[in-house]
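> sequence and predicted structure, then a few things I'm wondering about:
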Amino acid sequence: MHLKSLQFWKKYQFCDEVIDDNLSTHSKQIEGNKKYLKLIIENILFLGKQCLLFRRNDQSISSVNKGNFLELLEIRAKDKGEQVFRLMNSQLDFYNSTQIQSDIVEIIKTEMLQDIVNEINVSSAFSIICDETTDNASKGQLSVCVRYPQKTSKAVLIKERFLGFVDIEDMTGSLLHKSIKIYLQQIGVDFNKISGQAYDSTTNLRIKFNKIAAEFKKEEPRALYTHCYAHFFELAVIRFCKEVKELCGALNTLTSLFNIIHMSGEMLANFQNICKVSQNKTCKKHASQSCWIVHDCTLLSVIDGLPEIIETLEFESSHSSNIRLADEMSDVLRLVSKFEFIFCLKFLYRVLSVTGILSRELQSETIDIFSLSSKVEAILECLSSERNDEYFKTIWDGTEEICKKITSNGFEVEKPSLKKRRKIQKTVDLGNSDNMFFPTSTEEQYKINIYYQGLDTVLRNLKLCFSDFDYCKMKQISELLFKWNEPLNEATAKHVQEFYKLDADIIAELRFYWQYAKLNFDIDYDSINFVSLGYLFIQHGLYNNIPCISKLLYIALSWPITSASAENLLSTLPRLKTYLFHTMGQEKLSGLALMAIEQELVNKLMEPERLNGIVEKFISQIKDT
């Protein structure tokens with residue numbers, strides 16, 4: 001009976017029929033209800049945008065704090081006048097129900113998604129970005145984001161929008177592809193314009209993501225696949241540390257050292273000046289080897305301060321009242337006092353200080369394929385040029401110098417010794433057995449077994465990461481758009497034209513475009529990127545003159561080079577879980593996530609015309625139930 005009465009009341013509130021003889025009174029009542037409903041919608045939009053908790057356990061009249069939703073509603077109702085305040089008191093239970101709030105959130109979500117989809121379909125190209133996350137019931141799900149260029153009168157803007165969540169529990173790669181595609185089609189995205197796809201996840205889902213990418217490329221070969229290059233690069237670099245056991249051991253020792261440093265405030269204070277660390281900055285606790293890729297400055301501080309670190313460890317281990325801690329410090333002291341550790345540390349710094357430059361830039365949202373390819377080539381050339389005896393000797397001599405400083409302070413250093421004879425490969429040419437030989441001295445063993453092998457491994461891994469088909473295709477388009485000061489490669493241009501099925505002759509457009517760029521583009525050639533090129537196209541009115549080149553530019557602007565933006569968007573997810581304590585439907589979660597993430601669109605819904613539209617849709621939905 002209660003549910004039937006509630007359903008009747010929902011219809012009655014906004015009923016257009018004349019129930020009594022006083023038409024004006026009834027019309028005023030309807031307008032009052034609409035005004036109050038608009039207030040409710042504004043409250044939901046505000047709390048959603050601020051990512052604030054809606055409810056509290058005690059929402060009774062006698063409660064001191066009824067929660068953000070009711071407290072805000074009461075304050076605003078008083079400001080709106082006596083009539084709205086009376087409505088609030090009389091209809092409080094109705095509008096505070098979870099179902100009514102969910103209905104309003106769903107309408108808001110539909111409005112926001114429609115705004116995003118309209119922008120996507122107007123654009124010439126878009127890419128999808130999916131990132132794995134976990135809900136509060138430990139069920140797997142993907143966040144689905146989209147990246148696309150939006151042309152304005154003055155510039156081309158890059159938009160990255162959140163679209164919602166897709167469940168991935170017990171799904172294969174083909175089913176995941178189907179689920180993502182169905183969701184995008186349901187909200188109205190034009191799939192003919194997809195030009196890229198990127199996925200990010202823990203290791204156990206990467207194989208599935210490769211299958212998803214393959215499924216999308218079956219339907220649309222031009223949907224180029226890019227794993228987040230920031231993570232790709234880190235994996236390539238850290239893999240070389242793991243493949244050379246001496247380097248892996250050095251990183252493990254380094255991690256143990258910093259874990260001991262942060263065991264107590266007193267320990268941190270003792271090491272703070274030596275290692276240049278603090279509680280509020282990097283290296284608070286290194287549980288993963290990959291963190292050292294961007295902390296090369298900390299490596300340098302350890303190298304420079306190693307004699308003082310050894311002295312401090314020896315003093316603390318002998319004076320500590322904590323037996324377990326003293327034993328751990330003694331173990332670390334023994335490891336850091338080895339010639340092998342010091343040599344590996346200096347070698348790691350030499351490699352990571354170079355690769356770290358690109359690793360940090362890859363976290364930027366402005367990175368593009370054009371600048372990426374040239375910088376990767378510079379990294380490769382830099383490391384390749386150091387594969388000789390001269391650079392090895394620099395590290396060897398530097399290690400011996402540090403050892404002398406340590407011994408001059410009265411501490412012993414475990415000297416290097418020639419290990420068990422085993423075949424060592426001098427180059428990465430696996431097919432040439434003539435390169436196999438036995439080191440005859442300790443110095444030669446370090447040079448071949450650690451230094452050369454380490455450089456060969458990191459070079460091989462980096463080349464593998466940046467030589468796949470999709471990356472090469474992106475690089476080709478980048479060269480056509482940017483290298484106007486070099487001779488035109490017509491074979492590459494024709495290949496790109498056929499791949500993207502461009503209507504006009506791209507050669508003619510390129511000849512005109514390159515000559516025009518040489519004469520008219522007043523810009524630093526070394527600092528240009530896709531976004532600045534888009535601005536130049538608008539400034540010079542080139543979009544209509546060279547439609548094929550313009551399409552390639554739009555495609556390049558849509559490529560998801562990194563997933564950093566998607567990860568930043570998902571940083572709001574843990575806070576969203578607080579909306580309804582520990583239970584939340586998938587639809588409402590997506591709606592609240594949209595409001596928390598896409599705040600620019602929330603502001604548009606706050607406009608009077610859009611608010612009225614939401615009110616009318618809610619009323620229409622009530623009448624249809």
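That came through, no problem.
> what sits against the residue nearest to residue 195 when sequence neighbours are not counted?
Distances taken as C-beta to C-beta, 6 or more residues apart in numbering place residue 125 nearest to residue 195, at 4.1 Å, with adjacent residues excluded. C-betas here are computed from N, CA, C, even on glycine. For residue 125, the contact set (C-beta atoms under 8 Å, 6 or more residues apart in numbering) comprises 148, 149, 193, 194, 195, 196, 551, 554, 555, 557, 558.
> the second one sits in which helix or strand?
When elements are defined using DSSP states H and E, residue 149 is found to belong to strand 140-151.
> partners of that strand, with directions?
Next to strand 140-151 in the sheet, as set by DSSP bridges, lie strand 126-134 (antiparallel), strand 156-167 (antiparallel).
> among those strands, which is the most enclosed?
With neighbours taken as mean count of other C-beta atoms under 10 Å, the strands paired with strand 140-151 reach their highest mean count in strand 126-134, at a mean of 22.
> state the mean pLDDT of that strand.
Model confidence over strand 126-134 averages 80 on the pLDDT scale.
> do stretch 448-467 as well
Here the average pLDDT along stretch 448-467 is 84.
> in strands only, show me the contacts of residue 125.
Residues of these located in strands (DSSP state E): 148, 149, 194, 195, 196.
> distance to residue 7, neighbour count and pLDDT added to these, as TSV?
Shown next, in TSV, are those (distance: C-beta to C-beta, whole Å; neighbours: other C-beta atoms under 10 Å; pLDDT from 0 to 100):
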residue	distance to residue 7	neighbour count	pLDDT
148	42	25	92
149	47	21	92
194	43	23	91
195	48	25	91
196	47	25	89
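> including distance to residue 259, could these go into JSON lines?
Below are the ones in strands among the contacts of residue 125 laid out as JSON lines (distance: C-beta to C-beta, whole Å):
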{"residue": "148", "distance to residue 259": "44"}
{"residue": "149", "distance to residue 259": "46"}
{"residue": "194", "distance to residue 259": "45"}
{"residue": "195", "distance to residue 259": "45"}
{"residue": "196", "distance to residue 259": "40"}
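> show me which of those residues is closest to residue 612.
residue 148 (29.1 Å; C-beta to C-beta).
> so that closest one sits against residue 159, correct?
Yes - in this structure, residue 148 is within contact of residue 159 by C-beta atoms under 8 Å, at 5.6 Å.
> now the common contact residues for those two.
residue 119.
> still on that earlier bit, between the strands paired with strand 140-151, which one is nearest to residue 68?
The nearest among the strands paired with strand 140-151, by C-beta to C-beta, is strand 156-167 at 22.7 Å.
> next SSE downstream of that closest one?
That would be, after strand 156-167 and using DSSP H and E, helix 173-186.
> pull the residues that contact that following helix.
Residues beyond helix 173-186 that count as contacts (C-beta under 8 Å, 6+ apart) turn out to be 128, 130, 142, 144, 163-164, 166-168, 171, 191, 207-212, 214-216.
> could you do stretch 210-221 as well?
130, 172-174, 176-178, 180-181, 191-192, 194, 197, 199, 223, 225, 499.
> what residues sit buried inside it?
211, 212, 213, 215, 216, 217 (16 or more other C-beta atoms under 10 Å).
> stretch 541-551 now?
542, 543, 546, 548, 549, 550, 551.
> looking at the residues you listed, which is nearest residue 32?
residue 543 (51.2 Å).
> how much space between the closest residue to that closest one other than its chain neighbours and residue 541?
In space, and not counting its chain neighbours, residue 543 is closest to residue 550: 4.7 Å by C-beta to C-beta, 6+ apart. Distance of residue 550 to residue 541, computed by C-beta to C-beta, to the nearest Å: 11 Å.
> ditto for residue 225
34 Å.
> could you do residue 253 as well?
Applying C-beta to C-beta to residue 253 and residue 541 gives a distance of 61 Å.
> also residue 482?
Counting by C-beta to C-beta - residue 482 and residue 541 are separated by 20 Å.
> looks to me like residue 452 is in a helix.
Yes - counting by DSSP: H, G, I helix; E, B strand; the rest coil, residue 452 is found in a helix.
> please, where are all the helices along the stretch 151-300 of the chain?
Listed in chain order, the helices of the stretch 151-300 of the chain (DSSP state H, counting those that start in this stretch) span residues 173-186, 203-219, 229-243, 245-261, 265-275, 296-304.
> list the buried residues in the following helix or strand past the last one.
Using DSSP H and E, the helix or strand that follows helix 296-304 towards the C-terminus is helix 306-319. Of the residues in helix 306-319, those buried under the neighbour-count criterion (16+ other C-beta under 10 Å) are 306, 307, 308, 309, 310, 311, 312, 313, 314, 316, 317.
> quick one: which of the residues you listed is nearest residue 383?
Within the buried residues of helix 306-319, the smallest distance to residue 383 is 24.6 Å, found for residue 306 (C-beta to C-beta).
> so how far is residue 395 from the closest one?
Taking C-beta to C-beta, one finds residue 306 at 14 Å from residue 395.
> and for residue 379?
19 Å.
> could you look up the SS state of residue 542?
coil.
> for it, list the residues it contacts.
Residue 542 makes contact with 513, 516, 536, 549, 550, according to C-beta under 8 Å, 6+ apart.
> in TSV, list the residues you listed along with pLDDT, secondary structure and distance to residue 602.
Putting the contacts of residue 542 into TSV (pLDDT from 0 to 100; DSSP: H, G, I helix; E, B strand; the rest coil; distance: C-beta to C-beta, whole Å) gives the following:
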residue	pLDDT	secondary structure	distance to residue 602
513	95	helix	40
516	94	helix	42
536	91	helix	33
549	94	helix	37
550	93	helix	32
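> quick check, nearest of the residues you listed to residue 401?
Of all the contacts of residue 542, residue 536 has the smallest distance to residue 401: 52.3 Å, by C-beta to C-beta.
> skipping its backbone neighbours, what lies nearest the closest one in space?
residue 521 (5.8 Å).
> okay, now that neighbour: neighbour count?
Neighbourhood size, residue 521 [other C-beta atoms under 10 Å]: 15.
> report the separation between it and residue 339.
The spacing between residue 521 and residue 339, counted by C-beta to C-beta, is 55 Å.
> rewinding a little: widest-spaced pair of the contacts of residue 542?
Farthest pair in the contacts of residue 542, by C-beta to C-beta: 516 and 550, 13.0 Å.
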